[in-house]
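Q: with the sequence up front, the predicted model follows.
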Amino acid sequence: MSIKRFTDWYGWWIGLRQNILKCIGTTGTAWLGTNAVAGAGVPIHGLDWKQAAAMFGVHIGFEVFTYLQSHQPAVTEISVDTQIITKP
């Protein structure tokens, strides 16, 4: 009987992808929200695309490094029955 170990990279990438999508949503909401409020007449300065890109870069860096620090891919162990076949 042998034991094989597999690393679950798929589940790990799914979690990382969710953090990246969260960064895109947060940056998009901040960019659209500040520009919508500024367009409605409130005296604030909305984010331009350069500020939004810088915000996204900082946020994605923080999220990725935090995720890498706290999540490791799961290791699955499977036992496989082996047979020895002798030729006659």
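A: On my side now, so go ahead.
Q: please name the nearest non-neighbouring residue to Val80.
A: Residue nearest to Val80 in three dimensions, not counting chain neighbours: Ser2, with 5.3 Å by C-beta to C-beta, 6 or more residues apart in numbering. Where C-beta positions appear, they are placed from N, C-alpha and C, glycine not excepted.
Q: count of neighbours near Ile44?
A: When counting by other C-beta atoms under 10 Å, one arrives at 9 neighbours for Ile44.
Q: count of residues packed around Thr27?
A: Neighbourhood size, Thr27 [other C-beta under 10 Å]: 21.
Q: ok, it to Phe56 distance?
A: Distance, Thr27 to Phe56, using C-beta to C-beta, to the nearest Å: 4 Å.
Q: where's the residue nearest the centre of the chain relative to Gln83, distance?
A: By C-alpha atoms, centre = their mean, the mean C-alpha position of the chain lies nearest to Leu16, the distance being 2.0 Å. The gap separating Leu16 from Gln83 is 40 Å, by C-beta to C-beta.
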